[in-house]
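1. Here you go, sequence then predicted model.
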Amino acid sequence: MPYMSAPYKKGIRACKQNIINEHYYRINILNAVIDFQLAELDSRFTDDSLEILVLSATFDPRDNFRSFKYEDVKNLALRFYPQDFTSYDMLVLDMECGFFLTDIQRDPRFANTTTVSDLCRRLVQSRKSAFFPMIYRLICLVLTLPVSTATTERAFSSINIIKNKL
């Protein structure tokens, strides 16, 4: 292992940039590896796939639903599930969003919810799925996301990086 405080040498000669080994390995090599991994992930997912993943993250229950945004819920339904929601359903969804967050945050049964599938399960157990049917429908559609967006074997295997086995 090279001495990390020593000047970096490219081959036999000292590097013209006057950097130490630690800088070279931590900055130059690490950035190259991160760029390579980002390019690989970028090539695996289309822009639509990335957008649906970002919008569906609004249902992430961690940190007391910190990432929940009304706009993302409405955009998710409008952009990716227009056949599943009529204009009346969108009005109902808009009203449900106003009450959903405060109701779920105050209910102690949802305090330790960590995954979207756990959220869906607790909505059914607490019978809140009847009070928020449009949000429940949208969560169910999001949970089928790995099946519906995986058109190739490569995309299906790479989606497991984003979502866990549950």
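-> Arrived safely, thanks for sending.

2. Run a quick neighbour tally on Leu143.
-> 18 (other CB atoms under 10 Å). Just so you know, the C-beta spots here come from the backbone N, C-alpha and C atoms, and that holds for glycine as well.

3. Is it in contact with Val116, as I believe?
-> Yes - at 6.3 Å, Leu143 and Val116 qualify as touching, with contact defined as CB atoms under 8 Å.

4. so what are the domain limits for this structure?
-> 9-44, 47-149 (automatic domain parsing).

5. Can you list the residue ranges for helices in the protein?
-> Under the criterion DSSP state H, helices of the chain are mapped to 21-23, 30-44, 47-56, 62-65, 70-80, 87-106, 116-125, 133-143, 145-149, 153-162.

6. picking up where we left off before, can you tell me which of the domains of the chain is nearest to Met1?
-> domain 9-44 (9.5 Å; CB to CB).

7. Just give me the neighbour total for Pro61.
-> 21.

8. tell me the contacts of it?
-> Each residue near Pro61 by CB atoms under 8 Å, 6 or more residues apart in numbering is listed here: 110, 113-116, 118-119.

9. likewise Arg109?
-> Taking CB under 8 Å, 6+ apart as the test, what Arg109 contacts is 122, 125-126.

10. Who wins on neighbours among those?
-> Arg122 (18 neighbours).

11. close enough to count as contact, that residue and Thr113?
-> Yes - shown here, Arg122 and Thr113 form a contact pair, counting by CB under 8 Å, at 6.0 Å.

12. most packed of the helices of the chain?
-> When the helices of the chain are scored by mean count of other CB atoms under 10 Å, the highest mean neighbour count falls to helix 133-143 (a mean of 19).

13. Could I get the average pLDDT for it?
-> What helix 133-143 shows for mean pLDDT is 92.

14. do the same with stretch 72-86
-> 92.

15. for the closest residue to Leu123 other than its chain neighbours, phi and psi?
-> Leaving out its chain neighbours, the residue that sits closest to Leu123 by CB to CB, 6 or more residues apart in numbering is Ser129, at 4.4 Å. Here is the backbone geometry of Ser129 (degrees, to the nearest 10): phi -60, psi -30.

16. pretty sure Ser129 is touching Cys140, no?
-> No - counting by CB under 8 Å, Ser129 does not reach Cys140; the two are 9.2 Å apart.

17. ok, back up a step: tabulate the contacts of Arg109 (a markdown table), appending pLDDT.
-> Shown next, in a markdown table, are the contacts of Arg109 (pLDDT from 0 to 100):
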| residue | pLDDT |
| --- | --- |
| Arg122 | 93 |
| Gln125 | 93 |
| Ser126 | 93 |
